[in-house]
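Participant: Build me a model:
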Amino acid sequence: MDIIDTHCHVVSADLARYPRAPLGGKQSGWATTRPVTADEMAQRMDEAGVAHAVLVQATTAYGYDNSYVLDSRAQRPDRFLAVGTVDPLRPDAAEHLAAVTGQGGLSGVRLFTSGSTVPTQGEWFAAPESFPFWEKAAELGVTVCLQMRLGPATEQLVALLERFPAVRILLDHLGYPDIAASPGDAGAAVANLATHPGLHLKLTHRSLEPLHAAGKEASAFLDPVLAAFGAERIAWGSNLPAAEQSLPELVTLAREVLAEVPEAEQREIFGGTARRLYPGLPG
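Facilitator: Reported below is the predicted structural model:
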């Protein structure tokens, strides 16, 4: 099976060449205690049978400086693509997006609106000042990874999708649905968003771990989400090394949770969707 990791992070050991500049001034613990370099990531991919990886900017290490993911991609174009963090509120956001994406540049971009180091969900991603950015993203066909938490800003997300129906958004970690509290309620909340054709889901250990713990109850989440979105709008990502497990363990976790999903749909989740979201992936 073609396995593509759509969400992993690399952090350089060279602090002089790639200085840390985390958004909000706070670095995530994993970037300090268990960083993985691009060379190490390639080795772990070989161990896990992962053909290609989308290197997503370690925003809580480098902020808006995408140098390391770009350099890593340039050194291994047969294995990596780069997704960098950008600021959609800068006055020249549309022009900047066009400049940093494309041939030899970023294959996608990421907006970091909430996470371990940013506990308060931001709503700025849907502010009117961001509209030129979203217009340009739709025009260029650039996939925008959106890290946010459903609930606090779902209304803003829906308004954005309605205003820019052609834009392609990949929701990091499925928007952190509360699967542990109720797989069925969480599944319904995510499935309700499928009416927006540009929205895609990134399935990582953040959801796979509680689904694995739920056992047979996992189907109460997976069934409505798969029925609503279709496997062709869901992509797997490891979240290594924010995830503490090894890459082979993370692949196994995903395979076990998706074991009852038809093989054709698994192929979409593990590779097919990624290739549509990122056409620049090597064949």
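Participant: hey, let's count contacts and neighbours off CA atoms from now on
Facilitator: Fine.
Participant: mind checking which helix or strand of this protein has the lowest mean pLDDT?
Facilitator: Taking mean pLDDT, DSSP states H and E as the measure, helix 29-33 is the helix or strand of the chain with the lowest mean score, a mean of 83.
Participant: who touches it?
Facilitator: Under the contact criterion Cα atoms under 8 Å, 6 or more residues apart in numbering, helix 29-33 has outside partners 11, 60-61, 241-242.
Participant: out of those, which is most surrounded?
Facilitator: Compared across those, residue 61 has the highest neighbour count, 27 neighbours, by other Cα atoms under 10 Å.
Participant: What is the three-state secondary structure of that residue?
Facilitator: In three-state terms, and counting by DSSP: H, G, I helix; E, B strand; the rest coil, residue 61 is helix.
Participant: hey, where'd the helices end up in the stretch 101-250 of the chain?
Facilitator: 131-140, 154-163, 183-191, 205-214, 219-229, 247-257 (DSSP state H, counting those that start in this stretch).
Participant: Low-confidence stretches in the chain?
Facilitator: By pLDDT under 70, the low-scoring segments of the chain are 115-119.
Participant: What segments of it are strands?
Facilitator: For the chain, the strands defined by DSSP state E occupy 4-8, 52-56, 80-85, 108-112, 143-147, 168-171, 199-203, 234-236.
Participant: For residue 191, find the nearest of those.
Facilitator: strand 199-203 (10.4 Å; Cα to Cα).
Participant: tell me how far the closest one is from the chain's mean position?
Facilitator: Taking Cα atoms, centre = their mean, to the nearest Å, one finds the center of strand 199-203 at 8 Å from the center of the full chain.
Participant: With stretch 204-212 instead?
Facilitator: On Cα atoms, centre = their mean, the centre of stretch 204-212 falls 14 Å from the chain's centre.
Participant: Could I have the CA atoms of the least confident helix or strand of the chain written out in PDB?
Facilitator: What follows is helix 29-33, C-alpha atoms only, in PDB (Å, rounded to 0.1, in the frame of the first residue of the first chain):
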ATOM      1  CA  GLY A  29       8.000  20.300  24.900                       C
ATOM      2  CA  TRP A  30       8.500  17.700  22.200                       C
ATOM      3  CA  ALA A  31      10.600  20.000  20.000                       C
ATOM      4  CA  THR A  32      13.000  20.200  23.000                       C
ATOM      5  CA  THR A  33      12.900  16.700  24.300                       C
END
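Participant: For that helix, buried residues please.
Facilitator: Using 16 or more other Cα atoms under 10 Å as the burial criterion, the residues of helix 29-33 that qualify are 30-31.
Participant: quick one: which of the contacts of helix 29-33 is nearest to residue 204?
Facilitator: Here the nearest of these to residue 204, counting by Cα to Cα, is residue 242; it sits at 10.7 Å.
Participant: excluding its backbone neighbours, what's nearest that closest one?
Facilitator: If you skip the residues right next to it in sequence, residue 242 has residue 30 as its closest partner in space, 5.6 Å away by Cα to Cα, 6 or more residues apart in numbering.
Participant: From residue 208, how far off is that neighbour?
Facilitator: To residue 208, residue 30 is 19 Å away according to Cα to Cα, to the nearest Å.
Participant: for residue 3, same thing?
Facilitator: Using Cα to Cα, one obtains 16 Å as the distance from residue 3 to residue 208.
Participant: Residue 64 - how many residues pack around it?
Facilitator: Counted with other Cα under 10 Å, residue 64 comes out at 19.
Participant: Just to check, it is in contact with residue 88?
Facilitator: No. In terms of Cα atoms under 8 Å, residue 64 does not count as a neighbour of residue 88; the distance is 11.2 Å.
Participant: right, and the helices of the stretch 101-250 of the chain - which one's nearest residue 198?
Facilitator: When the helices of the stretch 101-250 of the chain are ranked by distance to residue 198, counting by Cα to Cα, first place goes to helix 154-163 at 7.4 Å.
Participant: Could I get the buried residue list for the closest one?
Facilitator: Neighbour-count burial for helix 154-163, with 16+ other Cα under 10 Å as criterion, is recorded at 154, 156-158, 160-161.
Participant: nearest to residue 180, of the residues you listed?
Facilitator: Proximity of the buried residues of helix 154-163 to residue 180 (Cα to Cα) peaks at residue 154, which lies at 19.4 Å.
Participant: measure that closest one to residue 189 for me?
Facilitator: Residue 154 sits 10 Å away from residue 189, going by Cα to Cα.
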